[in-house]
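Q: Provided below for reference: sequence and predicted model.
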Amino acid sequence: MEIPAVNLKAIVLMHWLLTIWGCMAWLPPSYAWGNFSVLAVGVWAIAQRDSIDAVLMFLIGIAVTMLTDIIHFGIYYPLAEGLAERNRDTFRFSAGMAILGLLLKPVSCFFVYQMYRERGGDYNVNFAGFPSVTRNRDAYQSIDQQDQSTSSANPFNQAEGTKPGPPHSY
């Protein structure tokens with residue numbers, strides 16, 4: 001089963017928009033700082049296309065913000081429910097977008113992990129029932145086994161019958 005390629009720019013843009021909408025009415029500045037900091041690392045991963053570290057840090061950041069988002073929602077949602085009636089719709093929209101952003105973060109983690117693997121990252125995580133992307137390593141030759149056509153019995157390519165010279169004292 002082929003996993004569709006998702007652009008890193010689309011992931012960062014989606015989470016940026018959902019974070020802005022989530023911050024509109026009820027979440028504290030720590031929510032915004034945490035999520036926008038991770039999105040800045042995502043911009044770094046976009047700018048340096050060959051950087052494994054940038055993608056790995058973005059992946060770890062998304063995973064950490066999933067936990068911090070749950071904590072923020074648990075603490076601040078009950079406090080914000082008592083808003084005045086005129087702000088009720090704004091609160092509902094903002095809470096819905098923040099929760100949608102949280103629900104999409106595991107999917108984003110999956111796609112960012114695939115990008116990490118494509119860029120050469122080598123941390124393997126396999127979950128039963130989920131498709132995995134593996135590299136085809138059949139074309140690589142092991143360094144433990146030498147091809148008989150390129151190597152001779154004499155590993156130092158000395159002529160048969162010649163003696164090696166005296167040892168060198170360096």
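A: Nice, thanks for sending it over. Numbering: from 1, shown residues only.

Q: residues in contact with Thr68?
A: Ser30, Tyr31, Gly34 (Cβ atoms under 8 Å, 6 or more residues apart in numbering). (Glycine included, C-beta is placed from N, CA and C.)

Q: The same query, at a cut-off of 7 Å, please.
A: Gly34 (Cβ atoms under 7 Å, 6 or more residues apart in numbering).

Q: centre of the chain versus stretch 36-52, how much separation?
A: 10 Å (Cα atoms, centre = their mean, to the nearest Å).

Q: Residues in contact with it: which ones?
A: 8-9, 12, 15-16, 19, 54-55, 57-58, 61-62, 65, 116, 119-121.

Q: again, only this time at 6 Å
A: 8-9, 12, 16, 54-55, 57-58, 61, 65, 119-121 (Cβ atoms under 6 Å, 6 or more residues apart in numbering).

Q: What is the neighbour count of Asp69?
A: 21 (other Cβ atoms under 10 Å).

Q: how about the nearest residue to it, chain neighbours excluded?
A: Leu102 (4.7 Å; Cβ to Cβ, 6 or more residues apart in numbering).

Q: What's the separation between the residue sitting nearest the centre point of the chain and Ala47?
A: Nearest to the geometric centre of the chain sits Leu59, at 3.3 Å (Cα atoms, centre = their mean). As defined by Cβ to Cβ, to the nearest Å, Leu59 lies at a distance of 16 Å from Ala47.

Q: Equivalent analysis for His72, please.
A: According to Cβ to Cβ, His72 and Ala47 sit 28 Å apart.

Q: Leu67 is in contact with the residue nearest to Asp69, correct?
A: No - applying Cβ atoms under 6 Å as the test, Leu102 and Leu67 come out as separate, 10.2 Å apart.

Q: the more surrounded of those two?
A: More crowded of Leu102 and Leu67, by other Cβ under 10 Å: Leu102, with 17 against 9.

Q: Which strand or helix spans that one?
A: Using DSSP states H and E, the element containing Leu102 is helix 88-118.
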